[in-house]
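Chemist: just the structure for this:
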Amino acid sequence: MPGSIIRVEHLSKTYLSKERKKGNRKKKLVQALDDVSLAINDGETFGLLGPNGAGKTTLIKCLTTLLLPSSGGAWINGYDVLRQEDMVRASIGCMLMGDRGLYWKLTGRENLDYFGALYHVPREVRVKRIEDLVTLLKLGDFIDRTVETYSAGQRMILAFAKALINDAPILILDEPTVTMDVPTARELRHIVKELNRQGKTILYTTHLMHEAEELCNRVAIIDHGKIIDLGTTAALKASISTEDVVELEGIFPEATVGRMRAVPGIRDVTVTPMDSGITKLNVACENSRMMLPRIIDAVTGNGATIQSIKPKEVTLEDVFIAKTGRTLSVDTQVLGEREARPRGG
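Modeler: Purely as a prediction, here's the structure:
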């Protein structure tokens, strides 16, 4: 496809996973990726959205030459991941989920210097780039300590810095905020948006729908190793036919809920208990604007108290539920990615 800087065609990955039941070892064939095809345009931020175990990390490892696919092909920046590994690696900065590619006995600065040298970044350029990254990512408090003293969040920030050290045109980030606190994760997303504005193509995997909605031009929903759907967030939301939903929070006795369910035009009422005796109601109806007065009338009195009422917008979570029948918070079957054999060289 013209303008595509990452291209994946019919990519599949299978391997044998060992199982032990009642003392007997059995081998099970696992389909980690199943005929995946997609194209990512130069300069866009593209999201892979799916629960843990859906195949996101397996796909990333195939694209970054860490795993050999069983079939199909992929091209990064015009280079074949199967035949031009060195050129592929020179074209990307990569941060894997739970990145262990750091040397714990070295300081953060020594790690960045080492990996910059591996990418043949000239020393004077390397030194300046490390200082720029220390400032950008606020690494000053721990950059000269050994990595073994870092918290999990600090290691992930350093792994993010490592992905930027070679200033590659393509940045691949696999669940980068998974161990970060909220302010640090928010700052990282801000930096990702700025890097994209500067022209970098970003492939961003996440199971957090708000990250995908905030960052990504287009999103591919992946589950059980398959691409379920792909498009802009607006197009994905528009693709599901959904009823209007009005969301209420407050105190609602059981009789109130029953009375509301009997109102003509209300199709369903979902009750979700919250903290401090508060209840959330999702009221599915035919036309939320027309039904709003009837909804308010149905809950008025009888000891009910409305604290908030608003129409509920369709989210990527709703799209995922519509396509798979599960929520993003429910892990898929563990695909055994840890045991997939890495390629040599």
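Chemist: what is the helix or strand of the chain with the lowest mean pLDDT packed up against?
Modeler: When each helix and strand of the chain is scored by mean pLDDT, DSSP states H and E, helix 316-324 comes last, with a mean of 79. In this structure, helix 316-324 packs against helix 209-215, strand 218-223, strand 226-231, helix 233-238, with contacts taken as 3 or more CB pairs under 8 Å, 6 or more residues apart in numbering; DSSP states H and E. Where C-beta positions appear, they are placed from N, C-alpha and C, glycine not excepted.
Chemist: of the ones you listed, which is nearest residue 27?
Modeler: strand 226-231 (23.0 Å; CB to CB).
Chemist: buried residues in the closest one, which are they?
Modeler: Going by neighbour count (16 or more other CB atoms under 10 Å), the buried part of strand 226-231 is 226, 227, 228, 229, 230.
Chemist: okay, now the sheet partners of that strand, with direction.
Modeler: For strand 226-231, the paired strands and their directions (DSSP bridges) read strand 218-223 (antiparallel).
Chemist: CA atoms only: put the strand it pairs with into CSV for me.
Modeler: In CSV, the C-alpha atoms belonging to strand 218-223 read as follows (Å, rounded to 0.1, in the frame of the first residue of the first chain):
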residue,chain,number,x,y,z
ARG,A,218,-6.4,4.3,13.8
VAL,A,219,-6.9,1.3,16.0
ALA,A,220,-6.8,-2.5,15.3
ILE,A,221,-8.8,-4.6,17.8
ILE,A,222,-7.0,-7.9,18.3
ASP,A,223,-8.3,-11.0,20.1
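Chemist: residue 168 sits in which helix or strand?
Modeler: Assignment of secondary structure by DSSP states H and E places residue 168 within no helix or strand.
Chemist: distance of it from residue 70?
Modeler: Going from residue 168 to residue 70 by CB to CB, to the nearest Å gives 27 Å.
Chemist: what's the answer for residue 286, then?
Modeler: 48 Å.
Chemist: with residue 172 instead?
Modeler: For residue 172, the distance to residue 70 - CB to CB - is 21 Å.
Chemist: who has more neighbours out of the two?
Modeler: Comparing residue 172 with residue 70 by other CB atoms under 10 Å, the one with more neighbours is residue 172, at 23 against 14.
Chemist: correct me if wrong: that one contacts residue 92.
Modeler: Yes: under the criterion of CB atoms under 8 Å, residue 172 makes contact with residue 92 at 5.6 Å.
Chemist: list the residues that contact both of those two?
Modeler: Contact criterion CB atoms under 8 Å, 6 or more residues apart in numbering; residues shared by residue 172 and residue 92: residue 64.
Chemist: confirm residue 65 sits in a strand?
Modeler: No: if the criterion is DSSP: H, G, I helix; E, B strand; the rest coil, then residue 65 is coil and not within a strand.
Chemist: hang on, it packs against residue 88?
Modeler: Yes: contact criterion CB under 8 Å: residue 65 and residue 88 qualify, at 5.6 Å.
Chemist: so what sits against both of the two?
Modeler: Taking CB under 8 Å, 6+ apart as the contact rule, residue 65 and residue 88 both touch residue 81.
Chemist: related to what we said a few turns ago, tabulate the helices and strands packed on helix 316-324 (a markdown table), appending mean pLDDT and distance to residue 315.
Modeler: As requested, the helices and strands packed on helix 316-324 are exported to a markdown table (pLDDT from 0 to 100; distance: least, CB to CB, whole Å):
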| stretch | mean pLDDT | distance to residue 315 |
| --- | --- | --- |
| helix 209-215 | 92 | 6 |
| strand 218-223 | 95 | 12 |
| strand 226-231 | 95 | 14 |
| helix 233-238 | 87 | 7 |
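Chemist: out of the ones you listed, nearest to residue 303?
Modeler: Here helix 209-215 is closest among the helices and strands packed on helix 316-324 (CB to CB), at 34.9 Å.
Chemist: and that closest one, which residues are buried?
Modeler: 209, 211, 212, 213, 214, 215.
Chemist: so who does the first one touch?
Modeler: Right, the one you point to is residue 209. Residue 209 touches 49, 315, 316, 317, 320, 328, counting by CB under 8 Å, 6+ apart.
Chemist: and those residues, which are buried?
Modeler: Buried, going by 16+ other CB under 10 Å: 49, 315, 316, 317, 320, 328, out of these.
Chemist: which single one of the residues you listed is nearest to residue 194?
Modeler: residue 49 (21.8 Å).
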